[in-house]
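Asker: This is a predicted model, with the sequence first.
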Amino acid sequence: MKKTITAILAVLMIVSLLAVNLSAAQGDYKAASGTPIVDGVKDDLYIAADPVPMKVDNDGNPSKGATGTAYFLWDAKYLYAYVDVVDPVLTTKKADAIYQTDSVEVYVDFDGNVAAGKTAKVTDAGVNAGQWTAGLLYEGEWGGYGNHHTENKDKGTFKVKTTDKGYAVEYQIPFVKYTPAAAAKIGFTIAINDDANNDSTRDYQIFPAKGQGSAWSTVDGNWCLMTLSADKYTPPTTAAAAPAAAGAAAKPAAAAQTADITVITAIVSMAIASGAVLSLKKRK
Ligand SMILES: [Ca+2]
Ligand SMILES: [Ca+2]
Ligand SMILES: [Ca+2]
(Lines give C-alpha, C1' and ligand atoms only; values in the text may rest on other atoms or scores of the structure.)
(Ligands and ions follow the chains in the order given, each with its own letter.)
Protein backbone atom coordinates (compact mmCIF):
# COMPACT_ATOMS: atom_id res chain seq x y z
CA MET A 1 0.00 0.00 0.00
CA LYS A 2 2.78 2.39 0.98
CA LYS A 3 4.65 1.50 -2.22
CA THR A 4 1.53 2.21 -4.29
CA ILE A 5 1.06 5.65 -2.69
CA THR A 6 4.76 6.45 -3.27
CA ALA A 7 4.42 5.42 -6.92
CA ILE A 8 1.28 7.53 -7.40
CA LEU A 9 2.98 10.54 -5.79
CA ALA A 10 6.02 10.07 -8.03
CA VAL A 11 3.81 9.96 -11.15
CA LEU A 12 1.90 13.06 -10.02
CA MET A 13 5.18 14.92 -9.46
CA ILE A 14 6.45 13.99 -12.94
CA VAL A 15 3.14 15.00 -14.53
CA SER A 16 3.15 18.38 -12.75
CA LEU A 17 6.80 18.98 -13.72
CA LEU A 18 6.01 18.14 -17.34
CA ALA A 19 3.00 20.47 -17.28
CA VAL A 20 5.15 23.36 -16.00
CA ASN A 21 7.91 22.67 -18.49
CA LEU A 22 5.58 22.25 -21.47
CA SER A 23 4.13 25.68 -20.82
CA ALA A 24 7.68 27.10 -20.93
CA ALA A 25 7.92 26.61 -24.70
CA GLN A 26 6.65 29.50 -26.81
CA GLY A 27 3.81 28.34 -29.02
CA ASP A 28 2.84 24.92 -30.37
CA TYR A 29 2.43 24.92 -34.15
CA LYS A 30 0.96 22.17 -36.32
CA ALA A 31 3.14 20.60 -39.01
CA ALA A 32 0.95 18.94 -41.64
CA SER A 33 1.56 15.58 -43.27
CA GLY A 34 2.83 15.28 -46.85
CA THR A 35 5.81 15.30 -49.23
CA PRO A 36 6.22 18.54 -51.22
CA ILE A 37 8.41 19.24 -54.24
CA VAL A 38 11.48 21.07 -52.94
CA ASP A 39 11.69 23.87 -55.49
CA GLY A 40 11.19 27.13 -53.56
CA VAL A 41 7.51 27.29 -54.59
CA LYS A 42 4.74 26.82 -52.00
CA ASP A 43 2.90 23.52 -52.54
CA ASP A 44 -0.80 23.36 -51.64
CA LEU A 45 0.16 20.76 -49.00
CA TYR A 46 1.43 23.60 -46.80
CA ILE A 47 -2.13 24.99 -46.53
CA ALA A 48 -2.88 22.37 -43.85
CA ALA A 49 0.02 23.56 -41.64
CA ASP A 50 -0.13 26.32 -39.04
CA PRO A 51 1.55 29.52 -40.22
CA VAL A 52 4.52 30.41 -37.98
CA PRO A 53 4.92 34.20 -38.01
CA MET A 54 8.36 35.80 -37.60
CA LYS A 55 7.84 39.39 -36.50
CA VAL A 56 9.95 40.15 -33.40
CA ASP A 57 13.60 40.61 -32.42
CA ASN A 58 15.34 38.92 -29.49
CA ASP A 59 13.83 41.47 -27.06
CA GLY A 60 10.32 40.89 -28.36
CA ASN A 61 10.13 44.25 -30.14
CA PRO A 62 8.47 44.47 -33.58
CA SER A 63 10.89 43.96 -36.49
CA LYS A 64 12.42 47.07 -38.03
CA GLY A 65 13.55 44.99 -40.99
CA ALA A 66 12.40 41.79 -42.64
CA THR A 67 9.43 39.69 -41.49
CA GLY A 68 8.16 36.32 -42.63
CA THR A 69 5.91 33.29 -42.30
CA ALA A 70 6.93 29.63 -42.20
CA TYR A 71 4.92 26.44 -42.80
CA PHE A 72 6.10 22.91 -41.94
CA LEU A 73 5.39 19.47 -43.43
CA TRP A 74 6.73 16.05 -42.53
CA ASP A 75 6.93 12.52 -43.91
CA ALA A 76 8.79 9.37 -42.80
CA LYS A 77 12.24 10.74 -43.69
CA TYR A 78 12.19 14.52 -43.74
CA LEU A 79 10.98 17.70 -42.12
CA TYR A 80 10.09 20.32 -44.75
CA ALA A 81 9.67 24.08 -44.38
CA TYR A 82 8.42 26.73 -46.74
CA VAL A 83 9.59 30.14 -45.50
CA ASP A 84 8.12 33.23 -47.11
CA VAL A 85 10.31 36.28 -46.34
CA VAL A 86 9.21 39.88 -46.78
CA ASP A 87 12.46 41.80 -47.30
CA PRO A 88 12.48 45.04 -49.32
CA VAL A 89 16.31 45.25 -49.73
CA LEU A 90 17.95 42.01 -50.86
CA THR A 91 21.70 41.47 -50.50
CA THR A 92 23.51 41.10 -53.80
CA LYS A 93 27.00 40.07 -52.63
CA LYS A 94 28.31 37.26 -50.47
CA ALA A 95 29.93 37.80 -47.07
CA ASP A 96 32.44 35.92 -44.87
CA ALA A 97 29.53 34.24 -43.09
CA ILE A 98 26.16 33.32 -44.64
CA TYR A 99 24.21 34.62 -41.62
CA GLN A 100 25.58 38.15 -42.24
CA THR A 101 23.55 38.25 -45.48
CA ASP A 102 19.84 37.71 -46.17
CA SER A 103 19.18 34.17 -45.00
CA VAL A 104 16.91 31.87 -42.99
CA GLU A 105 17.82 29.62 -40.05
CA VAL A 106 15.69 26.62 -39.04
CA TYR A 107 16.57 25.20 -35.61
CA VAL A 108 15.54 21.65 -34.71
CA ASP A 109 15.61 19.64 -31.48
CA PHE A 110 15.10 15.92 -32.14
CA ASP A 111 15.96 14.99 -28.54
CA GLY A 112 12.79 16.19 -26.84
CA ASN A 113 14.67 18.82 -24.80
CA VAL A 114 12.16 21.61 -25.44
CA ALA A 115 9.16 19.37 -24.69
CA ALA A 116 10.82 18.23 -21.44
CA GLY A 117 11.91 21.75 -20.49
CA LYS A 118 15.59 20.78 -20.52
CA THR A 119 18.50 22.96 -21.60
CA ALA A 120 21.23 21.53 -23.82
CA LYS A 121 24.16 22.75 -25.92
CA VAL A 122 23.71 21.78 -29.58
CA THR A 123 27.39 20.77 -29.79
CA ASP A 124 27.47 18.60 -26.65
CA ALA A 125 28.06 14.89 -27.30
CA GLY A 126 24.87 13.03 -28.17
CA VAL A 127 22.61 16.10 -28.41
CA ASN A 128 20.55 15.58 -31.59
CA ALA A 129 19.84 19.25 -32.32
CA GLY A 130 21.16 21.99 -34.57
CA GLN A 131 20.70 24.94 -36.87
CA TRP A 132 20.23 24.78 -40.67
CA THR A 133 21.07 28.06 -42.44
CA ALA A 134 20.01 28.73 -46.04
CA GLY A 135 21.21 31.93 -47.72
CA LEU A 136 19.59 33.81 -50.58
CA LEU A 137 22.92 33.81 -52.48
CA TYR A 138 24.12 30.41 -51.31
CA GLU A 139 21.96 27.76 -52.94
CA GLY A 140 23.71 24.39 -52.75
CA GLU A 141 25.85 25.55 -49.82
CA TRP A 142 24.54 25.02 -46.28
CA GLY A 143 25.46 27.13 -43.30
CA GLY A 144 24.65 25.88 -39.83
CA TYR A 145 25.78 24.70 -36.43
CA GLY A 146 25.24 21.91 -33.93
CA ASN A 147 25.41 18.13 -34.08
CA HIS A 148 22.29 17.46 -36.15
CA HIS A 149 23.44 19.81 -38.90
CA THR A 150 27.13 18.84 -38.85
CA GLU A 151 26.40 15.12 -39.02
CA ASN A 152 23.60 15.23 -41.62
CA LYS A 153 24.04 18.29 -43.85
CA ASP A 154 24.88 16.15 -46.91
CA LYS A 155 21.42 14.56 -46.68
CA GLY A 156 19.46 17.85 -46.69
CA THR A 157 18.63 20.29 -49.48
CA PHE A 158 17.06 23.71 -49.95
CA LYS A 159 15.89 25.91 -52.82
CA VAL A 160 15.59 29.68 -52.91
CA LYS A 161 13.33 31.82 -55.11
CA THR A 162 12.97 35.59 -55.16
CA THR A 163 9.38 36.83 -54.90
CA ASP A 164 7.65 40.18 -55.46
CA LYS A 165 8.02 40.93 -51.70
CA GLY A 166 11.45 39.42 -51.04
CA TYR A 167 12.35 35.75 -51.28
CA ALA A 168 11.25 32.28 -50.26
CA VAL A 169 13.25 29.28 -49.06
CA GLU A 170 12.04 25.69 -49.11
CA TYR A 171 13.85 23.23 -46.82
CA GLN A 172 14.24 19.47 -46.75
CA ILE A 173 15.85 18.51 -43.42
CA PRO A 174 16.56 14.79 -42.83
CA PHE A 175 15.40 13.18 -39.57
CA VAL A 176 18.09 10.42 -39.73
CA LYS A 177 18.23 9.09 -36.13
CA TYR A 178 14.84 10.52 -35.15
CA THR A 179 11.74 8.46 -35.97
CA PRO A 180 8.74 10.73 -36.58
CA ALA A 181 5.19 9.75 -35.64
CA ALA A 182 1.79 11.45 -35.67
CA ALA A 183 1.17 13.59 -32.55
CA ALA A 184 4.88 13.71 -31.64
CA LYS A 185 6.22 17.09 -30.52
CA ILE A 186 9.49 18.56 -31.79
CA GLY A 187 11.34 21.56 -30.40
CA PHE A 188 12.09 24.14 -33.07
CA THR A 189 12.44 27.75 -33.90
CA ILE A 190 13.30 29.79 -36.94
CA ALA A 191 15.04 33.08 -37.68
CA ILE A 192 15.39 35.52 -40.54
CA ASN A 193 18.73 37.30 -40.96
CA ASP A 194 18.33 40.65 -42.65
CA ASP A 195 21.13 42.71 -44.15
CA ALA A 196 19.04 45.83 -44.72
CA ASN A 197 21.60 48.01 -46.55
CA ASN A 198 23.51 45.51 -48.69
CA ASP A 199 26.87 45.88 -46.92
CA SER A 200 27.25 42.13 -46.17
CA THR A 201 26.63 42.68 -42.45
CA ARG A 202 23.45 41.59 -40.67
CA ASP A 203 21.27 44.38 -39.30
CA TYR A 204 18.29 42.44 -37.92
CA GLN A 205 17.50 38.93 -36.72
CA ILE A 206 13.79 38.16 -36.49
CA PHE A 207 12.08 35.27 -34.62
CA PRO A 208 8.59 33.89 -33.80
CA ALA A 209 9.09 34.91 -30.13
CA LYS A 210 11.49 36.80 -27.86
CA GLY A 211 14.54 35.28 -26.17
CA GLN A 212 15.51 33.07 -29.12
CA GLY A 213 18.78 34.86 -29.98
CA SER A 214 20.79 32.09 -28.27
CA ALA A 215 19.02 29.25 -30.14
CA TRP A 216 22.09 28.87 -32.40
CA SER A 217 24.01 27.35 -29.47
CA THR A 218 21.46 26.36 -26.84
CA VAL A 219 18.18 24.44 -26.77
CA ASP A 220 15.92 25.76 -24.00
CA GLY A 221 12.38 26.68 -23.00
CA ASN A 222 12.47 29.80 -25.17
CA TRP A 223 12.14 27.61 -28.26
CA CYS A 224 8.75 26.79 -29.84
CA LEU A 225 7.10 23.40 -30.17
CA MET A 226 5.73 21.79 -33.30
CA THR A 227 3.23 18.93 -33.36
CA LEU A 228 3.58 16.43 -36.19
CA SER A 229 -0.04 16.18 -37.30
CA ALA A 230 -1.58 13.47 -39.48
CA ASP A 231 -3.66 16.23 -41.13
CA LYS A 232 -3.03 16.40 -44.86
CA TYR A 233 -4.30 18.90 -47.40
CA THR A 234 -6.61 17.45 -50.03
CA PRO A 235 -7.55 19.59 -53.02
CA PRO A 236 -11.26 20.41 -53.43
CA THR A 237 -12.89 18.40 -56.21
CA THR A 238 -16.63 18.78 -57.02
CA ALA A 239 -17.13 22.22 -55.43
CA ALA A 240 -14.27 23.84 -57.36
CA ALA A 241 -15.03 21.97 -60.59
CA ALA A 242 -18.69 23.13 -60.74
CA PRO A 243 -18.11 26.83 -61.66
CA ALA A 244 -15.65 25.82 -64.39
CA ALA A 245 -18.18 23.35 -65.83
CA ALA A 246 -20.92 25.99 -65.75
CA GLY A 247 -18.59 28.39 -67.56
CA ALA A 248 -17.82 25.78 -70.17
CA ALA A 249 -21.53 25.07 -70.65
CA ALA A 250 -22.31 28.76 -71.20
CA LYS A 251 -21.05 28.77 -74.78
CA PRO A 252 -23.12 25.82 -76.05
CA ALA A 253 -26.17 27.41 -74.36
CA ALA A 254 -25.49 30.65 -76.22
CA ALA A 255 -25.14 28.66 -79.42
CA ALA A 256 -28.51 26.99 -78.77
CA GLN A 257 -30.04 30.40 -78.20
CA THR A 258 -28.61 31.57 -81.52
CA ALA A 259 -30.10 28.49 -83.18
CA ASP A 260 -33.51 29.29 -81.64
CA ILE A 261 -33.35 32.83 -82.98
CA THR A 262 -32.47 31.47 -86.41
CA VAL A 263 -35.54 29.22 -86.33
CA ILE A 264 -37.77 32.06 -85.10
CA THR A 265 -36.41 34.35 -87.81
CA ALA A 266 -37.16 31.67 -90.41
CA ILE A 267 -40.73 31.24 -89.07
CA VAL A 268 -41.29 35.01 -89.04
CA SER A 269 -39.89 35.30 -92.55
CA MET A 270 -42.21 32.52 -93.68
CA ALA A 271 -45.14 34.22 -91.97
CA ILE A 272 -44.28 37.54 -93.60
CA ALA A 273 -43.89 35.82 -96.95
CA SER A 274 -47.21 34.01 -96.60
CA GLY A 275 -48.77 37.25 -95.35
CA ALA A 276 -47.40 38.91 -98.45
CA VAL A 277 -48.98 36.14 -100.51
CA LEU A 278 -52.25 36.68 -98.66
CA SER A 279 -52.14 40.43 -99.19
CA LEU A 280 -51.32 39.83 -102.83
CA LYS A 281 -54.39 37.55 -103.02
CA LYS A 282 -56.55 40.24 -101.38
CA ARG A 283 -55.45 42.78 -103.94
CA LYS A 284 -56.58 40.53 -106.68
CA1 LIG B 1 7.59 23.36 -53.34
CA1 LIG C 1 17.67 42.38 -46.65
CA1 LIG D 1 23.94 45.65 -43.20
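Answerer: Cool, got the structure. Ligands and ions are numbered 1, 2, ... in the order given.

Asker: quick one: low-confidence parts of the stretch 101-250 of the chain?
Answerer: 239-250 (pLDDT under 70).

Asker: could you redo the last one with a cut-off of 90?
Answerer: 237-250 (pLDDT under 90).

Asker: ok, which stretches of the stretch 101-250 of the chain are helices?
Answerer: 113-116, 147-152, 238-283 (DSSP state H, counting those that start in this stretch).

Asker: gap between residue 67 and ligand 1?
Answerer: 21 Å (C-beta to the ion, to the nearest Å). Glycine gets a C-beta too; all of them are placed from N, C-alpha and C.

Asker: Quick check: that residue vs ligand 3, distance?
Answerer: Per C-beta to the ion, residue 67 is found 17 Å from ligand 3.

Asker: mind checking the backbone torsions on that residue?
Answerer: When read as degrees, to the nearest 10, the backbone of residue 67 gives phi -140, psi 170.

Asker: ok, now the one 3 residues further on?
Answerer: Backbone torsions of residue 70, given as degrees, to the nearest 10, read phi -120, psi 150.

Asker: Look up how far residue 79 lies from it.
Answerer: Separation of residue 70 from residue 79 (C-beta to C-beta, to the nearest Å): 11 Å.

Asker: again with residue 97
Answerer: The gap separating residue 97 from residue 79 is 24 Å, by C-beta to C-beta.

Asker: Up against ligand 3, what does the protein have?
Answerer: Within the chain, the residues that sit near ligand 3 (C-beta under 5 Å from the ion) are 195, 197, 199, 201, 203.

Asker: Quick check, pLDDT for the closest residue to residue 175 other than its chain neighbours.
Answerer: Here the nearest residue to residue 175 in space, its sequence neighbours aside, is residue 77; by C-beta to C-beta, 6 or more residues apart in numbering that works out to 6.2 Å. Here the pLDDT value assigned to residue 77 is 98.

Asker: For residue 77, give me the backbone phi and psi.
Answerer: Torsion angles, degrees, to the nearest 10, at residue 77: phi -110, psi -30.

Asker: Would you confirm that it contacts residue 178?
Answerer: No - the criterion here is C-beta atoms under 8 Å, and residue 77 misses it with residue 178 at 10.2 Å.

Asker: Of these two, which one has the most company?
Answerer: Taking neighbours as other C-beta atoms under 10 Å, residue 77 and residue 178 compare with residue 178 leading, 17 against 13.

Asker: got a list of what the closest residue in space to the more buried one that isn't next to it in sequence touches?
Answerer: With sequence-adjacent residues excluded and distances taken as C-beta to C-beta, 6+ apart, residue 178 is closest to residue 110, at 3.8 Å. For residue 110, the contacting residues are 128-129, 148, 175, 177-178, 186, by C-beta atoms under 8 Å, 6 or more residues apart in numbering.

Asker: Chain neighbours aside, what residue packs nearest to residue 26?
Answerer: residue 209 (3.9 Å).

Asker: What count of nearby residues applies to the one you found?
Answerer: Per other C-beta under 10 Å, the neighbour tally for residue 209 reads 19.

Asker: What distance do you get for it to residue 59?
Answerer: Distance of residue 209 to residue 59, computed by C-beta to C-beta: 11 Å.

Asker: what sits opposite the residue nearest to the spatial centre of the chain in the beta ladder?
Answerer: The centre of the chain sits closest to residue 71, judged by C-alpha atoms, centre = their mean, with a distance of 1.8 Å. Counting by DSSP bridges, residue 71 forms beta bridges with residue 82.

Asker: Go ahead and confirm the residue nearest to residue 26 touches residue 24.
Answerer: No - with contacts counted by C-beta under 8 Å, residue 209 stays clear of residue 24, the gap being 11.6 Å.

Asker: Spit out the contact partners of the one residue in the stretch 51-200 of the chain that gets nearest to ligand 1.
Answerer: With C-beta to the ion as the measure, residue 170 is the residue of the stretch 51-200 of the chain nearest to ligand 1, at 5.0 Å. Applying C-beta under 8 Å, 6+ apart, one finds that residue 170 lies in contact with 36, 38-42, 80-83, 158-159.
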